[in-house]
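J.: need coordinates for the following:
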Amino acid sequence: MERMSTAQNLEDMINAITKTFVIAHDKDSDEHLAQALVFNAGRLAWRMREAGVSTEQKTNITDVVTEADKAAEQFISGVLAALRPADGVLGEEGAERASTSGRTWVIDPIDGTYNYASGSDYFCAALALAEGNEPLFGAVHRPAMGYTWFGGSRFSTTRDGHPLPQLQDVHLNRLSLGTYLHPSHTDAVQRAWLKVASQAGTMRMFGAGSIDLASVADGTLGAWFQHSVPAWDWLPGRALIEGVGGRCIRLDAAGVTWSIAGNAAVVNDIAAALS
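T.: Now for the predicted structure:
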């Protein structure tokens, strides 16, 4: 794919991709549509990076956005405007439409943008369909591995169409803990975080919450917790974990709200450490 020389060229490309996708998927169920959207958004981001993308800083050096984030969100929101016009939209990069159906599609076009912009393969496209604050299902696609996770409380979670086993109770001291702590966090937050981290069997910090949560769902990561998590970083992965019988809660401690996910026993362990 050749690098787009102007913003108009990119706009025209996304409009053409969106139109073609809408024609091909106008009869899809919500579940199939979600998986096709994250797959195509993730592949779009991958191809754009191969051609070269520009990067802008948002709030700090690790909070960045690329033209691929904006293009992938434009693609997803454009498809939903055509195929699900009554549903709301909430996207990380600003896409927003009020719902008249009671349902909202929550979009993270590229989760792990800092990784993506740095050349890492640990990024994904993610979305959830929610009623209020409750996800009906989530879909996550990781282009580098070719994995697509899908599931929710009403749908047994799958990876590439293969059912995942239900999570079993295992305590924190026997599990790998996925997490993130920015260097600028307050002392109180760091102390609260350390109470949990010091009890884990081991820790992992990868920088893409939806992949982390999907990995908890498929058992390649034991548990996950992080504070101040926006809806687009939480709802897709939360749905996947609920689809394998896991538990996902939010808890206030040290002046922030923590999102915690895993099997029931490990979530209780983390909640107790924070409390």
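J.: ok, residue 175 to residue 201 distance?
T.: Residue 175 is 5 Å from residue 201, where distance means CB to CB, to the nearest Å. C-betas here are computed from N, CA, C, even on glycine.
J.: looking at those two, which is more packed in?
T.: Per other CB atoms under 10 Å, whichever of residue 175 and residue 201 has more neighbours is residue 175, with 22 against 14.
J.: and the more buried one, what does it touch?
T.: Going by CB atoms under 8 Å, 6 or more residues apart in numbering, residue 175 touches 200, 201, 222, 223, 262, 266.
J.: ok, now with 7 Å
T.: 200, 201, 222, 223, 266 (CB atoms under 7 Å, 6 or more residues apart in numbering).
J.: list buried residues within these.
T.: Buried members of those, scored by 16 or more other CB atoms under 10 Å, are 200, 222, 223, 266.
J.: the second one and residue 177 touch, don't they?
T.: This means residue 222. Yes - taking CB atoms under 7 Å as the definition, residue 222 is a contact partner of residue 177 at 6.3 Å.
J.: what about residue 163, neighbour count?
T.: With other CB under 10 Å as criterion, residue 163 counts 12.
J.: helix or strand for the nearest residue to it once chain neighbours are set aside, which one?
T.: Excluding the flanking residues, the one nearest residue 163 by CB to CB, 6 or more residues apart in numbering is residue 156, at 5.5 Å. Here residue 156 is covered by strand 155-159, with elements defined by DSSP states H and E.
J.: follow the chain on from that strand and name the next helix or strand.
T.: The helix or strand immediately downstream of strand 155-159 is strand 162-163, counting by DSSP H and E.
J.: in its sheet, what does that following strand sit against?
T.: Sheet pairing of strand 162-163 (DSSP bridges) gives strand 155-159 (antiparallel).
J.: next, the closest residue to residue 175 other than its chain neighbours: phi, psi?
T.: Excluding the flanking residues, the one nearest residue 175 by CB to CB, 6+ apart is residue 222, at 2.7 Å. Note on residue 222: backbone dihedrals following degrees, to the nearest 10 are phi -80, psi -40.
J.: any idea how far residue 222 is from residue 161?
T.: When residue 222 is compared with residue 161 (using CB to CB), they lie 24 Å apart.
J.: what of residue 45?
T.: Residue 45 sits 22 Å away from residue 161, going by CB to CB.
J.: between those two, which has more neighbouring residues?
T.: Applying other CB under 10 Å to residue 45 and residue 161 shows that residue 45 carries more neighbours, namely 26 against 8.
J.: which ones are touching that one?
T.: 68, 72, 110, 116, 125, 143.
J.: in a helix, the fourth one, correct?
T.: Just to be clear, that refers to residue 116. Yes - assessed by DSSP: H, G, I helix; E, B strand; the rest coil, residue 116 belongs to a helix.
J.: residues contacting the closest residue to it other than its chain neighbours?
T.: Spatial nearest neighbour of residue 116, excluding adjacent residues (CB to CB, 6+ apart): residue 123 at 4.1 Å. Residues in contact with residue 123 (CB under 7 Å, 6+ apart) are 110, 111, 112, 113, 115, 116, 208.
J.: which of the residues you listed lies closest to residue 171?
T.: Nearest to residue 171, judged by CB to CB, of the contacts of residue 123 is residue 208 at 25.6 Å.
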